[in-house]
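Colleague: return atomic coordinates for the entry below.
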Amino acid sequence: MARNNIIPKKLIAQLLSTVLMIAVVVMLGFAISSKSNSKLGNCTITVDALADKKYLITKKDVKNILDNTIGFDIMNAAVKDLNLMAIEEAILNDKRVLKAEVYLQQKNELIVDVVQRKPIVRISDMNANNYYLDEEGMRVPHIVNESVRVPVVTGYVDGYTKAYGKMKKNNLNDIFLLVNKIRKDDFLAPLIEQIHIEENKEILLIPKMGKKKIIIGNTENLDDKLYNLKTYYKQGTKKVGIDKFAVLDLRYKNQVVGRT
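Modeller: You can find the predicted model right below:
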């Protein structure tokens, strides 16, 4: 008796499934290729402003980074020209930038979100170096004609290196400690305008109010010294006036010594 040549239904189902899978892969590959070759629709750049609405890095600066990374005007780019990780890394390499996020969304729109480093003090030392330290103690370039309103440090400031935090004798550590104490204090933050480092490395404070200098000395017992300073301004000036003394010396334990 002749064997039946009818193809089993199970095999037909398997063949159809394989053909369908191949078709999906081909269509997906075509879609990816089409997407990759399509032009960039738009590029939206956002940079968060600092507290006083200043920008150390502008949208134009970021756009220049994008152009330099791909080698031409990014608005002429196709999706395939965009290495998002490389673009993000290039933005983060700018010392003014704390965070960056780069991604594509609908209609081939490139989104670039940038967070600036936030300066807490400006360093202007004897060697004509001019830069900021940010909240993490990192060096941030000072931009000409775009100064951020923070206390300035002048005088004999030790040289900046990324590893200064591990160098006990580098007085940037004392500066960073002192500035953080001042900026987090509601009374001292609006009072202190300048910090000066003497040649012997003693620390002076220059207040906005009155014509005087305040001798801190070193950062030993710093909390006590700053407490005594606040007490003097809140209570002592009511008795002697704000301009009675040209010098306030905080180096002595539990005292504020005034000198004319």
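
Colleague: CA only for contacts and neighbour counts going forward, please
Modeller: Fine.

Colleague: helices along the stretch 1-150 of the chain, start to end?
Modeller: 9-37, 59-70, 84-92 (DSSP state H, counting those that start in this stretch).

Colleague: any idea which of those helices has the lowest pLDDT on average?
Modeller: The minimum mean pLDDT among the helices of the stretch 1-150 of the chain belongs to helix 9-37 (a mean of 60).

Colleague: which of the residues in stretch 67-79 are buried?
Modeller: The neighbour-count check on stretch 67-79 (16 or more other CA atoms under 10 Å) flags 67, 69, 74, 77-79 as buried.

Colleague: same check on stretch 195-205?
Modeller: Buried-residue list, stretch 195-205, by 16+ other CA under 10 Å: 195-197, 203-205.

Colleague: distance to M126 and pLDDT added to those residues, as CSV?
Modeller: As requested, those are exported to CSV (distance: CA to CA, whole Å; pLDDT from 0 to 100):
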residue, distance to M126, pLDDT
I195, 13, 97
H196, 11, 96
I197, 10, 96
I203, 15, 97
L204, 16, 97
L205, 17, 96
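
Colleague: reformat those residues as TSV; add secondary structure and distance to T46.
Modeller: Output for the buried residues of stretch 195-205, formatted as TSV (DSSP: H, G, I helix; E, B strand; the rest coil; distance: CA to CA, whole Å):
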residue	secondary structure	distance to T46
I195	strand	34
H196	strand	37
I197	strand	38
I203	strand	40
L204	strand	40
L205	strand	37
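
Colleague: now for those residues: which two are most distant?
Modeller: Checked with CA to CA, the buried residues of stretch 195-205 reach their widest spread between I197 and L205, with 9.0 Å between them.

Colleague: now do the contacts for the residue nearest to P207 when sequence neighbours are not counted.
Modeller: Sequence neighbours aside, I192 is the residue nearest to P207 in space, at 4.4 Å (criterion: CA to CA, 6 or more residues apart in numbering). Under the criterion of CA atoms under 8 Å, 6 or more residues apart in numbering, the contact list for I192 reads 151, 182, 205-208.

Colleague: beta partners for R139?
Modeller: Beta-bridge partners for R139, by DSSP bridges, are L133.

Colleague: does Q235 sit in a helix, a strand or a coil?
Modeller: Following DSSP: H, G, I helix; E, B strand; the rest coil, Q235 is assigned to helix.

Colleague: can you tell me how far the residue most central in space within the chain is from V148?
Modeller: The chain has R117 as the residue nearest its centroid, 1.3 Å off, counting by CA atoms, centre = their mean. Going from R117 to V148 by CA to CA, to the nearest Å gives 12 Å.

Colleague: likewise for G71?
Modeller: As judged by CA to CA, G71 and V148 stand 32 Å apart.

Colleague: got the buried residues for stretch 251-260?
Modeller: Neighbour counts using 16+ other CA under 10 Å place 251, 256 of stretch 251-260 among the buried residues.

Colleague: wait, I182 touches E193, no?
Modeller: No: in this structure, I182 is not within contact of E193 by CA atoms under 8 Å, at 10.3 Å.

Colleague: picking that back up, what is the nearest of the buried residues of stretch 67-79 to L92?
Modeller: Nearest to L92 among the buried residues of stretch 67-79, with distances taken as CA to CA, is T69, at 12.3 Å.

Colleague: tell me the domain boundaries of this protein?
Modeller: Listed domain ranges for the chain are 42-116, 119-259 (source: automatic domain parsing).

Colleague: mean pLDDT lowest where, among these?
Modeller: Among the domains of the chain, domain 119-259 scores lowest, with a mean of 91.

Colleague: how long is that domain end to end?
Modeller: End-to-end distance (CA to CA), domain 119-259: 34 Å.

Colleague: look at the closest residue to N173 other than its chain neighbours and give its secondary structure.
Modeller: Leaving aside its sequence neighbours, N173 sits nearest to G165 (CA to CA, 6+ apart; 6.1 Å). Three-state call for G165 (three-state DSSP): helix.
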